[in-house]
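Task: produce atomic coordinates for the following.
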Amino acid sequence: MTRIILFTIFLSLCAFFLNLAGYRKAHDKDVVLNRDHLIKTLDNYKKEQEAKLLAKTQKPQVEKKEEGLNLEDPKIKAAIAVYTGTGKCSSCHGDQAQGIESSKAPLLAGQHDWYLIDQYAQLGEGKRPAESAVIAAHKGLSDQEIKDVSKYISLLRVE
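The predicted structure follows:
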């Protein structure tokens, strides 16, 4: 009886190993297990992962074009009219917003438009010290005129 059980176990193990050997032969055709192939595959994987990481960490670089002063733009024309006429800005700050030291008018050319709008608002609210003539010269302009003049001044460059 034990011989039969042992013989059955022996046959089962033989069948198992023969089956395993057949399995390996069928799948070895697709799998290459040589050292060069594994190193090459690993290097390719590393390069892909580094490229993905680099793509995640780098922000796309958008070319920023510097705006030039387009004198044909209707908003710029209106801003020039306000700067030289209605607002009387040029009488204190100069034709190119370069500032005039004798009248204690600061350089405005090249400043950011948001900064100029903020400074204008501070003058109007009395948060920034100035003579009454300066405050009077700054009153009477609409919000749109202030934005347009600020944009125009921000585009000016002093040489």
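
In contact with Ala105, which residues?
Shown in contact with Ala105 (CB atoms under 8 Å, 6 or more residues apart in numbering): 92-94, 99. Backbone N, C-alpha and C define where each C-beta goes, glycine included.

for Leu107, that is, sorry about that
Contacts for Leu107 were tallied using CB under 8 Å, 6+ apart; they are 93, 97-99, 158.

And for Ile146?
Residues counted as contacts of Ile146 (CB under 8 Å, 6+ apart) are 117, 120.

Break this protein down into its structural domains.
For the chain, the structural domains run 2-57, 74-155, going by automatic domain parsing.

any idea which of those is most buried?
domain 74-155 (a mean of 15; mean count of other CB atoms under 10 Å).

mean confidence score for it?
Mean per-residue pLDDT for domain 74-155: 79.

Stretch 19-29 too?
59.

What segments of this protein are strands?
Read by DSSP state E, the chain holds no strands at all.

What segments of it are helices?
Using DSSP state H, the helices of the chain run over residues 2-28, 35-57, 74-81, 89-93, 113-125, 132-138, 143-155.

Tabulate the ones you listed in a markdown table, adding columns for distance to Lys104.
A markdown table is the format used below for the helices of the chain (distance: least, CB to CB, whole Å):
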| stretch | distance to Lys104 |
| --- | --- |
| helix 2-28 | 88 |
| helix 35-57 | 49 |
| helix 74-81 | 24 |
| helix 89-93 | 9 |
| helix 113-125 | 13 |
| helix 132-138 | 9 |
| helix 143-155 | 18 |
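
ok so, going back, columns distance to Val82 on top of the contacts of Leu107, output as TSV?
Output for the contacts of Leu107, formatted as TSV (distance: CB to CB, whole Å):
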residue	distance to Val82
His93	13
Ala97	13
Gln98	18
Gly99	18
Val158	20
